[in-house]
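Chemist: Below: sequence and its predicted model.
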Number of protein chains: 2
Amino acid sequence: MEMSTVTESTEPRIPVFLDCDTGIDDALALGYLLATPTVALVGVGSVHGNLDAPGGAENTLRLLEMTGHDDIPVAVGASDPLVGSFFGGAVRVHGEDGVGGTRETVLPATSASVADVDAVDLLLRLSCEHEGQLRILAVGPLTNLALALRRDPGIVDRVAEVTVMGGAAMVPGNITPVAEANIGHDPEAAQEVLSASWPVTLVPLDTTMVNTFETTDIESLQHSSTPVVAAIGQMLDYYADFYQGVFGRRCCALHDPLAAAIAVGEVELIRAPRVPVEVDTTTGPGRGQTVCDLRHQRAAGSEGVDVDGANVRVVLQSADGFPQVLRQRLLSL
Amino acid sequence: MEMSTVTESTEPRIPVFLDCDTGIDDALALGYLLATPTVALVGVGSVHGNLDAPGGAENTLRLLEMTGHDDIPVAVGASDPLVGSFFGGAVRVHGEDGVGGTRETVLPATSASVADVDAVDLLLRLSCEHEGQLRILAVGPLTNLALALRRDPGIVDRVAEVTVMGGAAMVPGNITPVAEANIGHDPEAAQEVLSASWPVTLVPLDTTMVNTFETTDIESLQHSSTPVVAAIGQMLDYYADFYQGVFGRRCCALHDPLAAAIAVGEVELIRAPRVPVEVDTTTGPGRGQTVCDLRHQRAAGSEGVDVDGANVRVVLQSADGFPQVLRQRLLSL
């Protein structure tokens, strides 16, 4: 096990709260944040999604211990969406254990335990401790964030930015023809989070599906002598099995780590207009869709244009090169 | 006034029923069909949409007389959608009179009158007269077609193909962020038409917005010595004024004529998979959206792939060159 690297810098590190459902690409995002010297991961919440909320927290604890970061608090959050109940997890994508069957083989059990507060209270506390500085990165359903808004509406003024991996603007969804999983598994929460008066950046499938790890990337992680890196590489085998059917080639989409890099400003945004976004909370065929008003973008040209009354910055295109950055960053863990 | 040209051919002409809301691009579709020797336009229905249904029929009658085709029956159809009432017309796009202010200046009044049956009965009658051969081209809201299905469900077996200009699959809508006008102005009718057991081809904004007349095309029509051609050219000035704001350049989208050319098989389809399509009939933000299931298309490559259980062929891409064909065809009127 390697110890975490203390980076010398005159710049204060960016405090990040990660809300996630760990999850294979959540593990990549966690690894990215831990390996990025400009970032201070100050807490992690878990939420229903790729697997149940306690299971996601367990995966997070094990990964943190493997990287020497068992000082970072992990709190369990919402087990169910605001409306209805947990759908059962994305077993085909992430496996029963959320990490492609690696939990009991290559992620050592840990004596570390979850925080004695829930993820919502942890987030609220951190928003006070890091008032004006905290960036929230949400890569699962938005239930915890919605509950935080309900429990303490003042949080909107204490958070610097909310970055959400979720939605689909001009590309198909991944759980229905138009709904992406994180939004679609709690549309009511997503609508509350996207319409609250804090700055929200949405990183939808439009962008994440064109940032992929290819076979060579996966293999290079698998060949690492660092156990956590090799473990992540092993998870990616399961993930690539699923994505073979989506892409027609063996690769995997870097949803959550891309959102992480955008949250901390490491990836340049090529086309990211601020536009009105409404989440479909009906029970019709559009349920869970992020309805983004992009009607003004055709005339605006390649950079896009902000729209009056916009509530969300939607990342339609980001700069090339992130997969290479991510691979190097993970190899440095 | 020119007389219609009788074309010598050993092939029987394709009988087409046009259901429309004339409308500037409806006028282009009408002109295209009349100028295409392989086509026999056997009847025209009018429907609420770009303007009120009687107004659309009046525009059609005048255009037919100008082209020497006053023998083609024109029938007035539904004044209102199945649910709710007529929204008032697309004045900014097509003008108060539907034809960019040209009705009383360059479209001579006609003594011809509309049929003594409504558009639904005309369509039903023609479906019997041309049983197994009739192609329906619908370029307005689908109310008349839905009413025909309700009045005589057997029509589904008498029609060769239904081609609909409408919807938006992977591009923004034009009346809401996700709804296109023809579908959005009667979603309930659209859902009935798209789910009926006749072969439906949908020509959505994805394809029609990349087939445009540019300034030079418009001017060449305006300079024609044939009154109906010059009149169509004049209408296009109004249309281009609107589209300046959409495209950022003076041009116009060839929605209805492109659908006409696809209906009669003149335009090659590059990417037109048969996929499940459901119209959003909720009152949520997705109302009027054509929810197309394109999740299988990424792996399928450039041609797309038909999906089991599909009800609609969706034209996502058609061959280049149609605007040039259309311009020449209109100049031949």
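Modeler: Noted; the coordinates are in hand.

Chemist: Please enumerate the strands of the stretch 201-333 of chain A.
Modeler: A:212-214, A:251-253, A:269-271, A:274-275, A:277-279, A:290-292, A:312-314, A:317-318 (DSSP state E, counting those that start in this stretch).

Chemist: want to throw the ones you listed into JSON lines with distance to residue B:296, mean neighbour count and mean pLDDT?
Modeler: For glycine as for every other residue, the C-beta is placed from the backbone atoms N, C-alpha and C. Listed next are the strands of the stretch 201-333 of chain A as JSON lines, based on distance: least, C-beta to C-beta, whole Å; neighbours: other C-beta atoms under 10 Å in any protein chain shown; pLDDT from 0 to 100:
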{"stretch": "strand A:212-214", "distance to residue B:296": "18", "mean neighbour count": "20", "mean pLDDT": "98"}
{"stretch": "strand A:251-253", "distance to residue B:296": "16", "mean neighbour count": "24", "mean pLDDT": "97"}
{"stretch": "strand A:269-271", "distance to residue B:296": "26", "mean neighbour count": "17", "mean pLDDT": "97"}
{"stretch": "strand A:274-275", "distance to residue B:296": "28", "mean neighbour count": "22", "mean pLDDT": "98"}
{"stretch": "strand A:277-279", "distance to residue B:296": "25", "mean neighbour count": "25", "mean pLDDT": "98"}
{"stretch": "strand A:290-292", "distance to residue B:296": "21", "mean neighbour count": "27", "mean pLDDT": "98"}
{"stretch": "strand A:312-314", "distance to residue B:296": "25", "mean neighbour count": "24", "mean pLDDT": "98"}
{"stretch": "strand A:317-318", "distance to residue B:296": "24", "mean neighbour count": "19", "mean pLDDT": "98"}
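
Chemist: export those to a markdown table and tack on distance to residue B:242?
Modeler: A markdown table is the format used below for the strands of the stretch 201-333 of chain A (distance: least, C-beta to C-beta, whole Å):
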| stretch | distance to residue B:242 |
| --- | --- |
| strand A:212-214 | 40 |
| strand A:251-253 | 39 |
| strand A:269-271 | 25 |
| strand A:274-275 | 21 |
| strand A:277-279 | 25 |
| strand A:290-292 | 23 |
| strand A:312-314 | 26 |
| strand A:317-318 | 28 |
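
Chemist: Please report how far residue A:90 lies from residue B:281.
Modeler: Going from residue A:90 to residue B:281 by C-beta to C-beta, to the nearest Å gives 29 Å.

Chemist: give me the residue from the stretch 101-250 of chain A nearest chain B.
Modeler: Using C-beta to the nearest C-beta, the closest approach of the stretch 101-250 of chain A to chain B is made by residue A:248 at 3.6 Å.

Chemist: so who does that residue touch?
Modeler: By C-beta atoms under 8 Å, 6 or more residues apart in numbering or on different chains, residue A:248 lies in contact with B:298-301.

Chemist: So of the residues you listed, which two are at opposite extremes in space?
Modeler: B:298 and B:301 (8.7 Å; C-beta to C-beta).

Chemist: re the thing from before, please tell me the pLDDT value assigned to the residue of the stretch 101-250 of chain A closest to chain B.
Modeler: Turning to residue A:248, the model gives it a pLDDT of 94.

Chemist: Of all the residues in chain A, which one is nearest chain B?
Modeler: Closest point on chain A to chain B, by C-beta to the nearest C-beta, is residue A:286, at 3.0 Å.

Chemist: Could you find the closest non-adjacent residue to that residue?
Modeler: residue B:286 (3.0 Å; C-beta to C-beta, 6 or more residues apart in numbering or on different chains).

Chemist: That neighbour reaches residue B:279, doesn't it?
Modeler: No. Here residue B:286 does not reach residue B:279: they are 9.7 Å apart, not a contact under C-beta atoms under 8 Å.

Chemist: circling back: settle it for me: which of residue B:298 and residue B:301 has more neighbours?
Modeler: The neighbour comparison of residue B:298 against residue B:301 (other C-beta atoms under 10 Å in any protein chain shown) goes to residue B:298, with 15 against 10.

Chemist: Now do the more buried one against chain A, distance only.
Modeler: From residue B:298 across to chain A, the span is 6 Å (C-beta to the nearest C-beta, to the nearest Å).

Chemist: Return the residues in contact with that residue.
Modeler: With C-beta under 8 Å, 6+ apart, residue B:298 has these contacts: A:172, A:209, A:246-248.

Chemist: from these, which single one is nearest residue A:195?
Modeler: For the contacts of residue B:298, the residue nearest residue A:195 by C-beta to C-beta is residue A:172; the value is 24.3 Å.

Chemist: I figured the closest one was touching residue B:293, is that so?
Modeler: Yes. Proximity of residue A:172 to residue B:293 meets the contact threshold set by C-beta under 8 Å, at 7.4 Å.

Chemist: and the stretch 101-250 of chain A, which of its residues are near chain B?
Modeler: With the criterion set to C-beta under 8 Å from any C-beta of the partner chain, the stretch 101-250 of chain A comes near chain B through A:170-174, A:177-178, A:209, A:245-248.

Chemist: ranking the residues you listed by neighbours, who comes first?
Modeler: Busiest of these [other C-beta under 10 Å] is residue A:178, holding 29 neighbours.

Chemist: picking that back up, my read: the residue of chain A closest to chain B touches residue A:279, true?
Modeler: No. Assessed by C-beta under 8 Å, residue A:286 is found out of contact with residue A:279, at 9.7 Å.

Chemist: neighbours of the residue nearest to residue A:186 when sequence neighbours are not counted, just the number please.
Modeler: The shortest distance from residue A:186 to any non-neighbouring residue, by C-beta to C-beta, 6+ apart, is to residue A:81 (3.6 Å). Applying other C-beta under 10 Å, we find 23 residues neighbouring residue A:81.

Chemist: Can you give me every residue that contacts residue A:81?
Modeler: Contacts of residue A:81 by C-beta under 8 Å, 6+ apart are A:48, A:141, A:143, A:185-186, A:188-189.

Chemist: how about those in a markdown table, adding neighbour count, pLDDT and secondary structure?
Modeler: Formatted as a markdown table, the contacts of residue A:81 follow (neighbours: other C-beta atoms under 10 Å in any protein chain shown; pLDDT from 0 to 100; DSSP: H, G, I helix; E, B strand; the rest coil):
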| residue | neighbour count | pLDDT | secondary structure |
| --- | --- | --- | --- |
| A:48 | 27 | 98 | coil |
| A:141 | 32 | 98 | coil |
| A:143 | 30 | 98 | helix |
| A:185 | 29 | 98 | coil |
| A:186 | 33 | 98 | coil |
| A:188 | 17 | 98 | helix |
| A:189 | 28 | 98 | helix |
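
Chemist: what's the most distant pair in those?
Modeler: Farthest apart among these by C-beta to C-beta are A:48 and A:188. That separation is 13.6 Å.

Chemist: ok, residue A:83 - how many residues close by?
Modeler: 11.

Chemist: Apologies, that question was intended for residue A:250.
Modeler: 14.

Chemist: so how far is residue A:214 from it?
Modeler: On the measure of C-beta to C-beta, residue A:250 and residue A:214 end up 8 Å apart.

Chemist: For the residue nearest in space to the middle of chain A, which residues are in contact?
Modeler: In chain A, the C-alpha closest to the average C-alpha coordinate belongs to residue A:139, at a distance of 2.4 Å (C-alpha atoms, centre = their mean). Applying C-beta under 8 Å, 6+ apart, one finds that residue A:139 lies in contact with A:18-21, A:23, A:25-26, A:29, A:164-165, A:182, A:255-256, A:259-260.
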